[in-house]
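[1] Predicted model follows, preceded by the sequence.
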Amino acid sequence: MSFWRQPGFWLNVLLVIIGGAIVLLLGQDTLRETAFTVLMFIALASSLNIIMGFAGYVNFGHIVFFGLGGYFGFFLLSELGWPLYLAMIAGGCLSVVVALVVGAAVLRLRGAYFALATIGINEAARAFVANFGPFGGSTGLYVNFSAYDKYGGAGPALWWIFTLLWIVTIATVVLSYLVKHSRFGLGLIAIREDEDAAMVMGVRAPWDKTKAFALSAFFPGLIGTLYFFKNGNVEPEDAFRFQLSLEILVMVMLGGKGLVLGPILGAFAYERLRGYLLVSPIFKNLHLALSGSVLLLIVLFVPGGAVGWVREHFPRLRRVLE
Amino acid sequence: MIRPGNGRVHLGEEFIVFSQLSASVIDGLLIGFVYGIAAMGLSLIWGVMRVINLAHGATMALGMFCIYLLFTEVGVNPYLGLLLVVVLALIFGFIIYMAALHRVIQAGYLYTLLATFAVNMIIIGIGTTVFSTSPRNVDFSLGSIDLGPIILQGTRLLAAAASVVITAALYLFLYFTRPGKSIRAVSDNRAAAELMGIPSSQVLALSFGLGTMLAAVAGGLTSTFFPFTILSGSTYQLKSFVICVLGGLGHPLGALFGGLILGGLEGIVPIFMPVSWVPVVEFGLFVLVLVVRPTGLMGAK
């Protein structure tokens, strides 16, 4: 498949590559912190999009993979002294295993029943980890400061973490594009449109859904490890924020679900909007109400998201914006 | 009152175990009635409209604050205040339906979920600005009845009694009045109901209003025995999901049964393991029931 000749592929990937490269070249700490959040949101939203946008299964517990994978990676890193990249990959793999086990049971449910079950999984995972001794119970874990020494102290370590996150985000976007344009991705889209019809046509729906679920779980596990290592601690309330699950969902909707570019732009726009509202003296207190109003307007009047709207009104751009 | 267990029960002292168990279970069951009312609203909205109402918890919190303001500012008896809450919540539900749901009701559950979540954000956002997040409580007591090891608080007894009355009223409404029968018809098959001349938009608005009303009333009843903030609703909303699934999604009257199971669990579990394990058991059960029997324990087909 000659995806490297497609303008849609390069638009998506270059956006992330250039954005991250500029931050690395400028080398400012404040810019890096903002860019970290943006890249993290892009990767989380893009990975959620694989199961939600392509396969049409709305997961309210996407953050479970971020939390569990992150906890596991952080544990290996801080308690057992694993190197960061290995711990990160181990975190991602744990998320995949959890997704395979949970998915086998829960993906039999359809529509709103699946959505409800994922809410339950999020709460169950949070409550379980808060009681789980090796992970520090409700107080969580704190990083062993010698872990930063390998990377030349806490300052350079933060740049190292950022670079890894940048690579992970690029990988997420590339994979998201590849999935969308593969036979597997077409199967997922068929499942989204009509699962029964797709099965009649020969799509192996149960296995494809589970694969998509596991794939979407891998990246949050990586990112969780990076995020908690950056913060220096991990606790259940921070790792399993239901609110964050919903915010990622909003980002996907904002940009346009089922498109590769949608979650990228949605995550960027949401982070900027939230940042603006939080520091603005007028809107500071009402930022939640305003975000809610924006979401309501999008749901009611622009259901395809920003990119979806442009695609609908300017058909010529469809080859580029995908 | 619960005599806190913390799982450190000496097995030899059977009487203590028994009395502790019964006190804790009865207390849990009384609260379970109120949980049931909240879940009934969620279940009704799901059954009729196929909408998971993510603004349910926020509405409960509004019910709590309504009672709080009436009681502390105006001095109205909380149970009298509930009558006003009923009317206000019904109107509030109509408004939410018209503003946020009517346009997307055919668009599938993702859009209605997000629309109700947006409403939730708006309520919480404004509520935090107006009321801040410091805890409030309605300092109202009806005394208590002492039965040996078991002490029954008046507010909880009355709340449980009110829940039974509300359930009975809802049953009579759904099965013996014209609007109630229309609700059940739309719940069964919206397209067929429309062909029979039932104005489905009005029925949907009414159902959402009723669901909102049940949430607000449950919130009002809870406010008389637990302290709360504008954010408290989210915990009860999650409990309501669990209850709905236990009692059967879309079977409002099964919700009372689910509420009793959950309340009972909350009473029993802390005796055998630390309190912090209660949510693990609750949500584990929730996912299990959903996967094994999505129609609920009550066993509708």
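    It's in.

[2] can you give me the strands for the stretch 201-322 of chain A?
    Assigned by DSSP state E, counting those that start in this stretch, the stretch 201-322 of chain A shows strands spanning A:233-234.

[3] Which pLDDT does the model give residue 92?
    Using chain A here. Reading off the confidence values, A:Gly92 has pLDDT 96.

[4] that answer is for a different chain, and I need it for chain B
    For B:Phe92, pLDDT reads 96.

[5] Tell me who's in contact with it.
    Residues counted as contacts of B:Phe92 (Cβ atoms under 8 Å, 6 or more residues apart in numbering or on different chains) are B:59, B:62, B:209, B:212, B:216. The C-beta positions use only the backbone N, C-alpha and C, and glycine is treated the same way.

[6] give me the number of residues near the residue lying closest to the fourth one once chain neighbours are set aside?
    Spelled out, it's B:Thr212. Nearest residue to B:Thr212 in three dimensions, chain neighbours excluded: B:Gly93, at 3.1 Å (Cβ to Cβ, 6 or more residues apart in numbering or on different chains). Neighbour count for B:Gly93, taken as other Cβ atoms under 10 Å in any protein chain shown: 27.

[7] Distance of B:Gly93 relative to chain A?
    16 Å (Cβ to the nearest Cβ, to the nearest Å).

[8] and the contacts of B:Phe92, which two are the farthest apart?
    Farthest apart among the contacts of B:Phe92 by Cβ to Cβ are B:Leu62 and B:Gly209. That separation is 14.0 Å.

[9] the more surrounded of these two?
    Counted by other Cβ under 10 Å, B:Leu62 and B:Gly209 do not tie: B:Leu62 has more neighbours, with 24 against 20.

[10] what about the helix or strand hosting that one and chain A, touching?
    Per DSSP states H and E, B:Leu62 falls inside helix B:56-69. No: Helix B:56-69 stays out of contact with chain A when judged by Cβ under 8 Å from any Cβ of the partner chain, the minimum separation being 10.2 Å.

[11] Any regions of chain B where pLDDT drops low?
    Along chain B, segments meeting pLDDT under 70 span B:1-17, B:295-301.

[12] ok now the lengthiest helix in it, how far from the chain's centre?
    Ordering each helix of chain B by length in residues (DSSP state H) puts helix B:14-49 first. Centroid separation for helix B:14-49 versus its chain: 10 Å, with Cα atoms, centre = their mean, to the nearest Å.

[13] Which of the residues in it are classified as buried?
    Within helix B:14-49, the residues scored as buried using 16 or more other Cβ atoms under 10 Å in any protein chain shown are B:20-21, B:23-49.

[14] what's it packed up against?
    Contacts defined by 3 or more Cβ pairs under 8 Å, 6 or more residues apart in numbering or on different chains; DSSP states H and E place helix B:14-49 against helix B:56-69, strand B:150-153, helix B:154-176, helix B:178-188, helix B:200-223, helix B:233-247, helix B:254-272.

[15] got the contact list for the residue nearest to A:Leu48 when sequence neighbours are not counted?
    Spatially, and ignoring its direct neighbours in sequence, A:Leu48 is nearest to A:His62 (4.7 Å; Cβ to Cβ, 6+ apart). The contact partners of A:His62, by Cβ under 8 Å, 6+ apart, come to A:44, A:47-48, A:118, A:216, A:220, A:245, A:248-249.

[16] make it 7 Å
    A:44, A:48, A:220, A:245, A:248 (Cβ atoms under 7 Å, 6 or more residues apart in numbering or on different chains).

[17] ok, so of those residues, who is nearest chain B?
    Distances from chain B to the contacts of A:His62, taken as Cβ to the nearest Cβ, are shortest for A:Ser245 (10.8 Å).

[18] Might one say that that closest one is in contact with A:Val64?
    No: contact criterion Cβ atoms under 7 Å: A:Ser245 and A:Val64 do not qualify, at 8.1 Å.

[19] out of those two, which sits in the busier spot?
    A:Val64 (29 against 23).

[20] next one: phi and psi at that one?
    phi -60, psi -40 (degrees, to the nearest 10).

[21] Next, the contact list for the closest residue to it other than its chain neighbours, please.
    What sits nearest to A:Val64 in space, not counting adjacent residues and going by Cβ to Cβ, 6+ apart, is A:Ala125, at 4.8 Å. Going by Cβ under 7 Å, 6+ apart, A:Ala125 touches A:64, A:67-68, A:240.

[22] which of those lies closest to A:Asp208?
    When those are compared against A:Asp208 (criterion: Cβ to Cβ), the nearest one is A:Val64, at 21.0 Å.

[23] residues near A:Arg183, how many?
    By other Cβ under 10 Å, the burial measure for A:Arg183, its neighbour count, is 9.

[24] what are the ranges of the helices in the stretch 51-200 of chain A?
    A:62-79, A:84-106, A:111-131, A:146-149, A:154-180, A:183-193, A:195-200 (DSSP state H, counting those that start in this stretch).

[25] highest average neighbour count across the ones you listed?
    Highest mean neighbour count of the helices of the stretch 51-200 of chain A: helix A:62-79, a mean of 27 (counted as mean count of other Cβ atoms under 10 Å in any protein chain shown).

[26] which residue packs closest to residue 72, ignoring adjacent ones?
    No chain specified, so I'll use chain A. Using Cβ to Cβ, 6+ apart, the closest residue to A:Phe72 is A:Leu94 (4.4 Å).

[27] my bad, chain B
    The shortest distance from B:Thr72 to any non-neighbouring residue, by Cβ to Cβ, 6+ apart, is to B:Val138 (7.6 Å).

[28] Done for today, thanks.
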